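In: Please work out how this folds:
(one chain, ligands or ions: 1)
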Amino acid sequence: MMLPMESVRAAFPALALQDDDQPRCYFDAPAGTQVAGRVIEAMGYAMVQACANDGGLFRTSQAAGAIADHAIASAAAFFGCGDDEVIFGLNTTSLFFQMAPLIAHDWQVGDNILLTRMDHDANVSPWLQAAQARGLEVRFLEWDHETFALKLESLPDLIDARTRAVAVGHASNFLGTINDVAAVCAAARAVGAISIVDAVQSAPHLALDVAAIGCDLMAASAYKFFGPHAAILFVSRRLQGIIPPLKVRPSADVMPTRLAPGTPSFEAMAGTAAAIDHLAWLGEAAGTVSPDQPLRQRLLAGLAAAQAHETDLMRRFLDGIGAVPGVTLHGIANANRLHERVATFTFELAGKFSAEVAAALAARNMFAWQGYYYAWEPATVLGLKDRGAVRVGFTHYNSMAEVDLLLETLGQIAGS
Ligand SMILES: Cc1ncc(COP(=O)(O)O)c(C=O)c1O
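Out: Purely as a prediction, here's the structure:
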């Protein structure tokens, strides 16, 4: 199941760009990926052929409605849920902020919620603020500093009959760890708590399956999975049954309008559906699925092919990074545990500020992040909030040659 790298890279117009004869090396995927060409085309179509509000009887309005219906169906296939369990929004952070007061509407003093010390703040602050507003106790699930895994063994001490919500990240944007979110959601479900999964960092790399995970809420941001700036949210029917709607009086009290007020970005919906199509196409490109298979099946094949390629990239990076003088990697380095991580690597170089390293990489047209990327909790635990760390991420469009070039360049920066 090898990805044909030439056609995969050709699917992204931005990968062909050069500056002063230097190709661009995009290692910034955890902050936002490049956009597939079909996404740009779909958004162009939406803005030329379907530029109207939906619900009208004329051509452009009906085209906008068709885009919305298709995008909802694509997002449902992406999460493995029903079409009546998905909404679109601006980004994951605002979707979680939108949902928090609805979910918290009946929380009482004496109740508690559980968050983690590994999550991006988008999956901490919305719930933390809602809990503080209603006087709830806030508990935190810690992670092990040797294994970089959540301490799931402490769940029985942290979740009890008064736990109302549990929020956990599927993959860490700081450590790269893939968490056993099904175990966390099962513990939440056992006491009737709502379970929330932030899948922003897993969505570009793994197939999502809300039924297998057993969560009530799951978010993913399309701009991290090769699409436009937009996000999608799975809201389980169970949760829909217990939260009040967020709607204006004239809008229909059905999904998605009952939880997604106002006019959506039809162009972002079109682009998100096209990004999902791109991921499905990867399976066809790898020769493991045929184009006539249902979207969900093609997506599973596409993401499996992406994951196999990314595993090779991770192995190569981990083989080389240990040889870079003074490097400290904050995440799983064991080659036997690659299935427990995504290709997001956060590290420090001794004696160098993270901004110095990122700037040196940028000078060679290699795009990497410095700082702590809103991963407030893990950066605080590691004492890295001020100093920051360097982060590189690989995705299916990155090549082995780019990883080699990165390792060589890091070696030069470390030695300079
Ligand atoms: C794990 C994780 N969750 C949430 C977010 C926030 O997503 P958005 O920018 O769509 O609000 C990010 C962004 O980096 C992230 O990495």
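In: Show me what the residue in the stretch 201-350 of the chain that the ligand sits nearest to bridges to in the sheet.
Out: Of all residues in the stretch 201-350 of the chain, Ser221 sits closest to the ligand, at 3.5 Å by Cβ to the nearest ligand atom. The way it works is simple: take the backbone N, C-alpha and C, and place the C-beta from them, glycine included. Bridge pairing for Ser221 (DSSP bridges) gives the partners Ala231.
In: quick one, what contacts Ala104?
Out: Residues in contact with Ala104 (Cβ atoms under 8 Å, 6 or more residues apart in numbering) are 130-131, 133-134, 164-165.
In: Show me where the stretch 101-250 of the chain has its strands.
Out: For the stretch 101-250 of the chain, the strands defined by DSSP state E, counting those that start in this stretch cover 112-116, 137-141, 163-169, 194-198, 217-221, 231-235.
In: Let me have these in CSV, extended by distance to Ala11 and mean pLDDT.
Out: Converted to CSV, those look like this (distance: least, Cβ to Cβ, whole Å; pLDDT from 0 to 100):
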stretch, distance to Ala11, mean pLDDT
strand 112-116, 35, 98
strand 137-141, 38, 98
strand 163-169, 28, 98
strand 194-198, 27, 99
strand 217-221, 20, 99
strand 231-235, 21, 98
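In: In CSV: the ones you listed, plus mean neighbour count and distance to Asp277.
Out: Shown next, in CSV, are the strands of the stretch 101-250 of the chain (neighbours: other Cβ atoms under 10 Å; distance: least, Cβ to Cβ, whole Å):
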stretch, mean neighbour count, distance to Asp277
strand 112-116, 24, 33
strand 137-141, 17, 36
strand 163-169, 26, 26
strand 194-198, 28, 24
strand 217-221, 27, 15
strand 231-235, 27, 14
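In: got the phi/psi numbers for the residue nearest the centre of the chain?
Out: By Cα atoms, centre = their mean, the mean C-alpha position of the chain lies nearest to Val200, the distance being 1.5 Å. Main-chain torsions, Val200, degrees, to the nearest 10: phi -60, psi -40.
In: That one touches Ala222, doesn't it?
Out: No: Val200 lies out of contact with Ala222 (Cβ atoms under 8 Å); the separation is 10.1 Å.
In: Now do the shared contacts for these two.
Out: Ala231.
In: ok, is stretch 183-196 in contact with the ligand or not?
Out: No: Stretch 183-196 does not reach the ligand (Cβ under 6 Å from any ligand atom); its nearest approach is 11.3 Å.
In: how about CSV for the strands of the stretch 101-250 of the chain, with distance to Gly44 added?
Out: As requested, the strands of the stretch 101-250 of the chain are exported to CSV (distance: least, Cβ to Cβ, whole Å):
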stretch, distance to Gly44
strand 112-116, 40
strand 137-141, 44
strand 163-169, 34
strand 194-198, 31
strand 217-221, 21
strand 231-235, 21
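In: Of all those strands, which one comes closest to Ala71?
Out: Ala71 lies closest, by Cβ to Cβ, to one member of those: strand 231-235, at 8.6 Å.
In: separation between the residue nearest to the centre of the chain and Leu246?
Out: Remark: distance between Val200 and Leu246 (Cβ to Cβ, to the nearest Å) = 21 Å.
In: picking that back up, who touches the residue of the stretch 201-350 of the chain closest to the ligand in this structure?
Out: 91-92, 200, 203, 230-231.
In: still on that earlier bit, for the residue nearest to the centre of the chain, give me the pLDDT.
Out: On the pLDDT scale, Val200 is placed at 98.
In: quick one, what contacts it?
Out: 92, 120, 122, 169, 173, 219-221, 224, 231.
In: domain parsing for this protein?
Out: Structural domains annotated on the chain: 5-36+295-415, 41-274, as defined by automatic domain parsing.
In: do you know which of these lies nearest Leu282?
Out: Nearest to Leu282, of all the domains of the chain, is domain 5-36+295-415, at 3.5 Å by Cβ to Cβ.
In: same question for the longest helix that the chain contains, mean pLDDT?
Out: Criterion DSSP state H: the longest helix present in the chain is helix 295-321. What helix 295-321 shows for mean pLDDT is 98.
In: counting contacts, what elements does that helix pack onto?
Out: In terms of contacts (3 or more Cβ pairs under 8 Å, 6 or more residues apart in numbering; DSSP states H and E), helix 295-321 is packed against helix 59-79, helix 266-286, strand 344-349, helix 400-415.
In: run the last query once more with 6 Å
Out: On a contact count with 3 or more Cβ pairs under 6 Å, 6 or more residues apart in numbering; DSSP states H and E, helix 295-321 meets helix 266-286, helix 400-415.
In: could you give the angle of the last one to helix 295-321?
Out: Helix 400-415 runs at 40 degrees relative to helix 295-321, counting by axes from the mean of the first three to the mean of the last three Cα atoms, to 10 degrees.
In: what sits up against helix 400-415?
Out: Contact with helix 400-415 is made by 25, 313, 316-317, 320, 324-326, 349, 357, 360, 364, as judged by Cβ atoms under 6 Å, 6 or more residues apart in numbering.
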